[in-house]
Every structure is written in C-alpha cells, then in structure tokens.
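Novice: just need the structure, nothing else, for what follows:
(2 chains)
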Amino acid sequence: MSLYMHMLAIDIWFILEKVVLIASIIGLSFFVAMYTTFAERKVAAWLQDRRGPNRAGPFGIFQPLADGGKLFFKEEIIPMTSNRFLFILGPALAMITALITSTVIPWGASYVDGTTQIALQVADVDMGILIVFGIVSVGVYGIMIGGWSSNNKFSLLAAIRGASQMVSYELPMGLSLIAVLLMTGSLKMSEIVSHQIQHGWHILYQPLGFIIFFVCALAECNRTPFDLPEAETELNFGYHQEYSSMKLGFYLFAEYINMFISSAVMATLFFGGYDIPFVDESAWGLSPLLFSLMSFSVLMAKVLFFLFVFIWIRWTIPRFRYDQLMNLGWEKLIPLSLVNMLITAALTLWLNK
Amino acid sequence: MNVIGMETSRLTDRAKAVDRRPMTFLESLYLWSIVKGMATTLKHLFRKKATIEYPEEKRPFAPVFRGLHVLNRDAEGRENCTACGLCAVACPAEAITMEAAERLPSEAHLYREEKYAAKYEINMLRCIFCGLCEEACPKDAIYLSQTFAPANYGRKGFIYKKEELLIPHPIHQQEEYEKALGDRKPAAKS
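Specialist: All right, here's what the predicted structure looks like:
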C-alpha cells in the first residue's frame, strides 16, 4: 500500500509538470499558427510590392484576432445531405492530429538544477520520430472524412487527391528519414539532437535527404506547389468547400499548425534542433533557466525561418499538375531517396568497420 | 489556307524566337529554376511598395484633372448661371438638364441676372467628364473640380441637383467656399 502511495506522490508532480508543458506547447502552437496566417498575408503582400494588412492595431498585429472573430461569428452551415457526425469529425480530426505531433519534439535543452530535471519535451519515447509519422498518416483522415461527408463532387475529388498525395509523399519522406536514422542509430528525438550536437548537423551529411524531406513536407502540409486538395481554381475550394464558420477555421488553422510542427521536425532532424552551431553553449556557465530558454529560442528561430521559407515558396511557385505531382513523387523522389538511403548505409558500414 | 511560307510583316522588332531545345540536366531538375524564381521574389521583398496609405496619404491629381461639377457664384454670393442652356447643348453625353425662371425683384441678391436656373441637374452616370460644359459657359457658371463622384446606393443618387452642385456661399460659408474652390479658381469676372 505504501508503495502505491509513494508512486502516487511522485506521479502528481510528474503529471502536473506534463500538463503545464502540454498546455504551453498547445498554446504556443496556436499562437504561432495565428501569427503565421498574419505573416503569410504580410509576406505575400511584400513579395508583390504591396503593404499587407495594417489597419487592425499598430502594424496590423491584431489582424489574426479580427480574422478569428470573423470566422467565429459566421453562420454555421451543415449541409442537409451530409453525414452530420462525420462532417463534424473531419475538422476535429484534422486539428487533433495536427496538435498531437508536437508531443515528441524536444523544444529545448532540459532544465537541470541540482537533482531536479525537467525535459522540455512531453514524451521522450523510444520510437520518437515514428510517432510523428504515424500521426501524420492519420491526418489524411481529416481531409478524407471532411471531403467525403460533405456529399459534394468537388470535395470528394479534392479529398481523393489529398489522400493519394499524402500517402504517396509519405514514402520518400520516410525513406529520406531512414538515412538520418542510420547515422544516429536511434529513433529518440532527444538522441537525434544530441548526436547532431556532437557530430555536426545532419544537413551537412544529408543535403539530398533534406531536400527530399522538405519537398515531402510541403506536400504533406498541402502547401503550394502541392496544394492540389484545395485548388480554388480547379475544385472551387477543395475538401473544405462545404465548411463554414469555425469548422472551416479549424481546417485552415490545422494547416498552419502542421506547417509549424513540420518546421520544428525539420529543424530537429536536420538543423541540430536547439543547438547553436560552431560554439559549445553548455560551457558558457549560464544559469539553468536561462540556458533552457536560450536553447528554446534558438529552436524557435530555426522554426520561424522555415515558416518564412514555406510562405516564400507559396508566393513564388505555381501549382503542380496532378500527373506531374504523382510523377515527381513516385518516379523521382522515391528512387532518389532509396539511392540516398543505400549510399548512407554503405558509408556508415564502411566507416564503422 | 496555306499559312506556311506566307510572308508577314512584323509589327515590332521585339519578337523573340521560342527556344525549343530540350531541357538540359540542370533545367530538368527544376530546383535551379525554383531557386532563381525565389531570388526574384526575394528582391521584391525589399522594393519600394507600390501602394500608398490611402486615407492618410492621397495621390495628387494632375492639374488638368476634370472631376465633379461645381456651379459657381460671384463674389457677393449670387449664382452665375442664367440657364442659357449652352452647356446642355455642348454636352456630348446629354447629361445636363435645366429649367429656367425669371428673377423676381426681391431675389436680386440671389441671382446675378434676370434669368436663372430654377432646376439644374447633371446625371453623373451619363457624364463623361469631358469639360465641354465648362468651355461652353459664357458666364463662368460651371467648372469641373478635382473630386470624384462618390459611390452611391442607387442610380437616383447619381443625378445631382442644383443644391448639390452649387458652391457654398462665399460670405456666409467662407471656409467651405475656399475649400470648394480649391486651386482651380476661375478668373474673376467683372
């Protein structure tokens, strides 16, 4: 009995720590996604020699609040011919899967003060990166269910497009990831980062792998040039055509959260996570709190850079045609990532002989 | 019709031959072209913006700009218009209609001459803002200002009555009068 009590006593603090961590990460995801929508409009404007939204508050920084408020107060329409349950499940699923992926990402160096140690990571599980991939695959259902339950030809077409695109691009993404895992020898996200801190960033050893991963990340997030599921000009609005009000907002928001998380995953896998290059920041003797905060902000800087690149690409490159998309995925990226994987495997074997 | 071999005269010397060579390896990778395109868009990020902050900052009109019509008054505030109808005759769009009336002795301070326009309407939807009415007027009674006709909810709102066209009274509403005059002050007529 006392043993149980003992375990319970520990668990309360542990659970509290994790709950605070989860709440702050979800809050962070929402905040970043909110301001990514604003950044998207601003950067789009700047790239087109315009000024962008600047009326709501100083420099327009309250624009995302105005956008969100607009979506909240819109009339909520559920088509009569739709499957009500699935129609509501679709955006919920898209949102949930977008948020769950943030669990295994190490958001910063652990806070170590004497005996207390707080990892800035919700779950440092052994299968780490596989969880991200598993949940990203579930994300297909958000699009699929939403498009299908709308009972609309265009939505269904878009959903099929989206599903086949996401399934196709998961393969080269996973294959390019295997090359990284071969070098690290672990699936744990924290170990992937610490390996990079010791041996240099993976982008130096895996430039091809990174490019493949990045292209696939664009496709997985349904971002231009692979935004076929929501091609306005071809499919009216894609899988969320029948959606209105905040259910539409959930879909749009989930896309931005996906962007944020995939930026974080790319920064963690290829750009050393929370590591500062060329210097050994752990030898600076900073206070533990400051050290954790600094490592977190370093990761965030990398993530923000990737978010900018995502937006930059969207406003530069036109959409791929559907057959081009499939050709690129199956005939170019998969063979390339296989070759990349084999070369990495051979080199790893040869060097570790 | 056989088009091939037909001699066509070139309209400009800017025509460029289409390059139909097969893509080189670098081009077939797309990546290089994408990087070039992204460099182009990045350059635009630092360019001067084409838009201006409209309500705070307004683009100046050209000095010859012809906008909304104004019916003029003289220095004592009497209406210049004598309803001669020359503007309506000159108008190519037939946008102007008017009704003349005889001035009563008690109205001498309102109208400059014995005849005046009891009704004066310009349909801004018909008007092409050519300025011929201004040229036709022998009394300097109408001129085109430097403002637009603002948006309206119905067609009726675009038919401007005399009250809307008349310039404010130069003595009773001096401030508004100066503002309405703008920098297109017509030469004072004795």
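Novice: average pLDDT across the helix or strand harbouring residue A:148?
Specialist: Using DSSP states H and E, residue A:148 sits in helix A:128-149. Mean per-residue pLDDT for helix A:128-149: 86.
Novice: how far out from the middle of the chain is it?
Specialist: Mean-position distance between helix A:128-149 and its chain equals 12 Å (Cα atoms, centre = their mean, to the nearest Å).
Novice: tell me which residues of the helix or strand just after it are tucked away?
Specialist: Sequence-wise, the next helix or strand beyond helix A:128-149 is helix A:153-184, with elements assigned using DSSP H and E. For helix A:153-184, the neighbour count (16 or more other Cβ atoms under 10 Å in any protein chain shown) marks A:154-166, A:168-181, A:183-184 as buried. Every residue, glycine included, has its C-beta placed from N, CA and C.
Novice: picking up where we left off before, quick check: angle from the helix holding residue A:148 to helix A:153-184?
Specialist: 170 degrees (axes from the mean of the first three to the mean of the last three Cα atoms, to 10 degrees).
Novice: list the helices and strands helix A:128-149 packs on?
Specialist: helix A:84-100, helix A:153-184, helix A:189-199, helix A:245-270 (3 or more Cβ pairs under 8 Å, 6 or more residues apart in numbering or on different chains; DSSP states H and E).
Novice: mind checking which of those helices is nearest residue A:141?
Specialist: helix A:84-100 (5.5 Å; Cβ to Cβ).
Novice: circling back to that earlier point, using TSV, please lay out the helices and strands packed on helix A:128-149 together with mean pLDDT and distance to residue B:106.
Specialist: Shown next, in TSV, are the helices and strands packed on helix A:128-149 (pLDDT from 0 to 100; distance: least, Cβ to Cβ, whole Å):
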stretch	mean pLDDT	distance to residue B:106
helix A:84-100	88	75
helix A:153-184	88	73
helix A:189-199	85	95
helix A:245-270	89	66
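Novice: in CSV, list these along with distance to chain B.
Specialist: Listed next are the helices and strands packed on helix A:128-149 as CSV, based on distance: least, Cβ to the nearest Cβ, whole Å:
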stretch, distance to chain B
helix A:84-100, 26
helix A:153-184, 15
helix A:189-199, 24
helix A:245-270, 17
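Novice: among those, which comes closest to residue A:221?
Specialist: helix A:245-270 (4.7 Å).
Novice: counting neighbours, what do you get for the closest residue to residue A:292 other than its chain neighbours?
Specialist: Nearest non-adjacent residue to residue A:292, counting by Cβ to Cβ, 6 or more residues apart in numbering or on different chains: residue A:111, 4.5 Å away. Residue A:111: 16 surrounding residues under other Cβ atoms under 10 Å in any protein chain shown.
Novice: and the nearest residue to residue A:243 once chain neighbours are set aside, what does it touch?
Specialist: Leaving aside its chain neighbours, residue A:243 sits nearest to residue A:251 (6.3 Å; criterion: Cβ to Cβ, 6+ apart). Residue A:251 is in contact with A:90, A:91, A:94, A:142, A:146, A:239, A:240, A:243, counting by Cβ atoms under 8 Å, 6 or more residues apart in numbering or on different chains.
Novice: now, which of the residues you listed sits nearest residue A:277?
Specialist: residue A:94 (35.3 Å).
Novice: which residues touch the closest one?
Specialist: Applying Cβ under 8 Å, 6+ apart, the residues near residue A:94 are A:139, A:142, A:143, A:146, A:250, A:251, A:254.
Novice: over to residue B:89?
Specialist: Contacts of residue B:89 (Cβ under 8 Å, 6+ apart): residue B:136.
Novice: tell me which helix or strand it sits in.
Specialist: Here residue B:89 is assigned to helix B:86-90, by DSSP H and E.
Novice: next helix or strand past that helix?
Specialist: Criterion used, DSSP H and E; the element after helix B:86-90 is strand B:96-102.
Novice: element containing the residue of the stretch 51-200 of chain A found nearest chain B?
Specialist: Minimum separation of the stretch 51-200 of chain A from chain B (Cβ to the nearest Cβ) falls at residue A:51, amounting to 5.1 Å. Following DSSP H and E, there is no helix or strand that holds residue A:51.
Novice: count of residues packed around it?
Specialist: 15.
Novice: same question, residue B:119
Specialist: Around residue B:119 there are 12 residues (other Cβ under 10 Å).
Novice: repeat that for residue A:244.
Specialist: By the measure other Cβ under 10 Å, the count of residues near residue A:244 is 16.
Novice: now residue B:95
Specialist: Each residue near residue B:95 was counted by other Cβ under 10 Å, and the total is 22.
Novice: residues in contact with it?
Specialist: Shown in contact with residue B:95 (Cβ under 8 Å, 6+ apart): B:122, B:123, B:124, B:126, B:127, B:128.
Novice: the spatially most central residue of chain B and residue A:238: what is the separation?
Specialist: The centroid of chain B falls nearest to residue B:67 when counting by Cα atoms, centre = their mean (3.8 Å). According to Cβ to Cβ, to the nearest Å, residue B:67 and residue A:238 sit 45 Å apart.
Novice: I am finished for the moment; much appreciated.
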